[in-house]
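Engineer: could you work out the structure for the sequence below:
(one chain, ligands or ions: 2)
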Amino acid sequence: MKKYVLLAFCLIAANQLLAQKAPNIILIMADDLGYGDLSCYGATKISTPNVDKLASQGIRFTNGHATSATCTPSRYALMTGSYPWRKSGTAILPGDAALIIPTDKTTLPSMLKKAGYTTAIVGKWHLGLGSQVEKDWNGDIAPGPNETGFDYSFIFPATADRVPTVFLENHRVLATDPADPIRVDYKQPVGNDPTGKEHPELLKMHSSPGQGHDQTIVNGIGRIGYMSGGKKARWVDEEVSSTFLSKAKGFIEEHKAKPFFLCMTLTEPHVPRMPATVFKGKSQLGYRGDAILQLDWTVGEIMKQLEYLGISKNTLVVFSSDNGPVLDDGYQDGAVTQQNGHQPAGPFRGGKYSAFEGGTRVPFIAAWPGTIKPATSDALICQVDLLASLAKLVGQPLPANDAPDSFNMLNTLLGKTQTGRNVLIEQGGALCVVKGNWKYIEPHKGPAVFKLTNIESGNSPEPQLYDLSKDKGEQHNVAGQHPEIVKELAALLEQTKTAGKSRP
Ligand code: NG6
Ligand code: CA
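Structural biologist: Ligands and ions are numbered 1, 2, ... in the order given. Below is the predicted model:
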């Protein structure tokens, strides 16, 4: 009996110690926000005072990366600590895809949960749900975020432009109706809902020619994929962001007394950009700019709440974006016609989808008032490193075969050193190796410019080498002048592929 009392006492004491020492962790991940989209990263046509304030309180990384230039692979890496190109099936997923995150390996949330954190994700998911494509959207849907380490999830399944346009709380779609079952199909129409293709007169925002987004219409917007039923469960785009915000704030409030991890995956400024009415027209840059203002306001609301609850000094906030920017990603929403000189990728070439820096070099901010000293850091750091770095922070060991590409960069993240990663593999269509000032892009088939989005892909049949110290815009391919470096970096890429891991 005494033994159990002692054990219980130890457990309570350990828990309290964790409560005092371990900070809350909030990771805010924007969707398609470019390096140049924030005023703290040099934007002059738009002002983002709330994210700027966060940056001024912490470290603003100028060489921070997503692993990949699109969402699913980038988020896969964030969650698993593994380069996504090691596994097939990690490209952009349809809305009915099965879960692609392994449930038997360490993930960012499962590691923190093991360390005693209460973990939640609120926002976009886009990593698949359930064990197969065909599923009962009116029933329990698993495995999903709750099976990969989140105690609580409030998500939408894929992207805002893909069906089903519904929220899930843990395993259930919200507001289902047995009399109006939800059906989803990406191959053929289901039910009788009008499509954007057949009924353009019903649209409040037109899709861009040739880009699809003309299947089932929900809330006056044509989507990718077909959906029927669930009329009461469908979201209103203008309310998606405030819904996520209120869920996130609710979670913070409820868990303020003990360490929590909140992964807040915002949908802005991904298409369809349909911000709340109060933001419409505010930026003068079209709905894309308005969505960025909405994002900025949302970040401000979270920061205000931390202050109000008195937990800002005990909360590490990391802000980043899942991939680079795109203007026309499927809808005629004013992003192109009202660009007004705004440079969403800042000084970098390319954008979303691209092997050039615009694809993966993203805003990356870490703030923890009282612990992180305000600074700018040029250290090379990647979202894939958060798993190993935060494991170090909370004293959680990582099994040798898990998170094979996640480096412990805690001292870099906290600003104790300006030294970053030595090497990073980036993924556009082509894979790239960044080492020191050098960037190598492997030869890759495909168009030099993606016609629909008008983004330079970085594809070339020839190897490319850029000296980022002199040429951050990747204008001068110097592969011909430095064949030995091309050889070294190409070999390094092959070696990383075959070794199956890069974590030492
Ligand atoms: C593309 C879509 C684009 C967007 C993207 C996913 C077309 C022509 N384009 O295939 O609109 O949905 O996928 O974006 O279908 S991501 O940020 O989630 O990777
Ligand atoms: Ca994205």
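
Engineer: for the residue of the chain found nearest ligand 2, what are its contacts?
Structural biologist: Per CB to the ion, C71 is where the chain lies closest to ligand 2, at 3.5 Å. C-betas here are computed from N, CA, C, even on glycine. Residues in contact with C71 (CB atoms under 8 Å, 6 or more residues apart in numbering) are 31-32, 92, 124, 126, 159, 270, 322-323.

Engineer: need these in TSV with distance to Q57, can you?
Structural biologist: TSV is the format used below for those (distance: CB to CB, whole Å):
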residue	distance to Q57
D31	23
D32	25
I92	34
K124	26
H126	30
T159	31
H270	27
D322	23
N323	25
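
Engineer: can you say which of those are buried?
Structural biologist: 31-32, 124, 126, 159, 270, 322-323 (16 or more other CB atoms under 10 Å).

Engineer: those in strands, which ones?
Structural biologist: K124 (DSSP state E).

Engineer: need the buried ones among the contacts of C71 in CSV with distance to W297 and pLDDT, can you?
Structural biologist: Below are the buried ones among the contacts of C71 laid out as CSV (distance: CB to CB, whole Å; pLDDT from 0 to 100):
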residue, distance to W297, pLDDT
D31, 16, 98
D32, 18, 98
K124, 18, 98
H126, 23, 98
T159, 22, 98
H270, 17, 98
D322, 20, 98
N323, 22, 98
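
Engineer: so what's V166 bridging to?
Structural biologist: R234 (DSSP bridges).

Engineer: neighbours of it, just the number please.
Structural biologist: Per other CB atoms under 10 Å, the neighbour tally for V166 reads 23.

Engineer: likewise for I26?
Structural biologist: Neighbours of I26 (other CB under 10 Å): 24.

Engineer: give the pairing partners of whichever strand or helix holds it; include direction for each.
Structural biologist: Using DSSP states H and E, I26 sits in strand 24-30. Applying DSSP bridges, strand 24-30 is found paired with strand 260-265 (parallel), strand 315-321 (parallel).

Engineer: which residues touch it?
Structural biologist: 75, 78, 112, 117, 123, 252, 255-256, 259-266, 268-269, 295, 299, 302, 306, 311, 314-322, 363, 386, 390.

Engineer: on that earlier part again, tell me, which of the contacts of C71 make contact with ligand 2?
Structural biologist: Contacts with ligand 2 within the contacts of C71, counted by CB under 5 Å from the ion: 31-32, 322-323.

Engineer: and the chain, which residues reach ligand 1?
Structural biologist: 31-32, 70-71, 92, 126, 159, 161, 211-212, 224, 270-271, 323, 329-330, 452 (CB under 6 Å from any ligand atom).

Engineer: export the buried ones among the contacts of C71 as CSV, with columns for distance to G458.
Structural biologist: Listed next are the buried ones among the contacts of C71 as CSV, based on distance: CB to CB, whole Å:
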residue, distance to G458
D31, 21
D32, 17
K124, 25
H126, 23
T159, 23
H270, 21
D322, 18
N323, 13
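
Engineer: of the buried ones among the contacts of C71, closest to R183?
Structural biologist: Nearest to R183 among the buried ones among the contacts of C71, counting by CB to CB, is T159 at 19.1 Å.

Engineer: contact partners for that closest one?
Structural biologist: 31, 71, 95, 124, 126, 224, 267, 270-271.

Engineer: cool, and F364?
Structural biologist: Neighbours of F364 in contact, by CB under 8 Å, 6+ apart: 60-61, 64-65, 318-320, 381, 383.

Engineer: could you rerun that using 10 Å?
Structural biologist: 35, 41, 55, 59-66, 318-321, 377, 381-383, 413 (CB atoms under 10 Å, 6 or more residues apart in numbering).
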